[in-house]
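In: Just need the structure, nothing else, for what follows:
(2 chains)
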Amino acid sequence: MDHTTSEENGAIIITFGGDMVLDSSPDCRKVLLESVAKNMPVLADLSAVTYIDSSGMACMVEALQSARKSGHAFALAGVSDAAMRVLSLERLDSVFSIHESREADLKSLD
Amino acid sequence: MVMTDAPTGPIPVLSRTFRSRADELKAVRKEVTKTAQNVGCGTEDVQDFVLAIDEACQNIIRYAYGEDQEGEITLKIYHKDRELVVMLRDFAEPTDVEMVKPRDLDDIRPGGLGTHFIAEIMDRVEFMPPPLDGGNLLRMVKRIS
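Out: Numbers count the residues shown, from 1 in each chain, chains lettered A, B, ... in the order given. Predicted coordinates:
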């Protein structure tokens, strides 16, 4: 799994690519929590994620909980049908703020 | 002369043995994907099937073997009628099956959802009687729509 981090419109955007799975989830977790700790809104762009399982989704949940504790937004963008299936299996599709694209999310932060 | 139809048993469609390491799972997912596609599963069924098997393998890696040991996992898939039967075998200490339960989804927290995925996706899931030469044997069945 790879990732890039940038800042736009006062938000941190982490773009993930590849598989978010058991062996890559420690790295995923680290970058998410480090970003959330900066006390800015964080967007995880998953449009280049090829596969995500419960380990990958656990990182998102942990980031969401951490962001909520500090009173900042955490959202997902570019969620594929397969990733939505994982979210719905976990009943998390209504828990996360999910945007079709990073542009849609950044607009919502205006 | 009496002609009878020969009984048709389950057809093996995949047999793979691999080490209990997370980095082995990508190749396993690829092979399971191909297997499910070859027997005619639709896109959603393929995704679900791969996810459930991936989660079951993860459970073996993380909990059956744990961080301190590495062993083998054997995955066999059979196709019979409109069902795919998965037999997943490890050689770790026997699992206390009473401890293997999906957790409450209302408790939103990271982790612990692999068992839930398996139960949601598969039509039947059962731990078979422990094999004589040790380890655990999990049987999962998915009806192909």
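In: Name the single longest helix found in chain A.
Out: The residue-count maximum for a helix in chain A (DSSP state H) belongs to helix A:54-70.
In: From the contact counts, what lies against the next helix or strand after it?
Out: Next along the chain after helix A:54-70, taking DSSP states H and E as the criterion, comes strand A:74-77. Under the contact criterion of 3 or more CB pairs under 8 Å, 6 or more residues apart in numbering or on different chains; DSSP states H and E, strand A:74-77 touches strand A:42-52, helix A:54-70, strand A:97-99, helix A:102-108. Every residue, glycine included, has its C-beta placed from N, CA and C.
In: among those, which is the most enclosed?
Out: With neighbours taken as mean count of other CB atoms under 10 Å in any protein chain shown, the helices and strands packed on strand A:74-77 reach their highest mean count in strand A:42-52, at a mean of 22.
In: coming back round to it: tell me if the longest helix of chain A is near chain B.
Out: Yes. Shown here: helix A:54-70 in contact with chain B (CB under 8 Å from any CB of the partner chain) through A:54-55, A:57-59, A:61-62, A:65.
In: Check which helices and strands that helix sits against.
Out: Applying 3+ CB pairs under 8 Å, 6+ apart, we find helix A:54-70 packed against strand A:11-20, helix A:25-36, strand A:42-52, strand A:74-77, helix A:81-89, helix B:43-59.
In: Tell me the buried residues in the second one?
Out: The one in question is helix A:25-36. Residues of helix A:25-36 classed as buried: A:25, A:28-29, A:31-32, A:35-36 (neighbour count, 16 or more other CB atoms under 10 Å in any protein chain shown).
In: what do you get for the first one?
Out: Neighbour-count burial for strand A:11-20, counted by 16+ other CB under 10 Å, picks out A:11-16, A:19-20.
In: and chain B, which of those residues reach it?
Out: Taking CB under 8 Å from any CB as the test, chain B is in contact with residue A:19 out of these.
In: of all the buried residues of strand A:11-20, which comes closest to chain B?
Out: residue A:19 (6.5 Å; CB to the nearest CB).
In: Quick one: residues contacting the closest one.
Out: A:1, A:49-52, A:56, B:26 (CB atoms under 8 Å, 6 or more residues apart in numbering or on different chains).
In: could you redo the last one with a cut-off of 7 Å?
Out: For residue A:19, the contact set (CB atoms under 7 Å, 6 or more residues apart in numbering or on different chains) comprises A:1, A:50-51, B:26.
In: now it, which residues is it bridged with?
Out: Beta-bridge pairing for residue A:19 (DSSP bridges): residue A:51.
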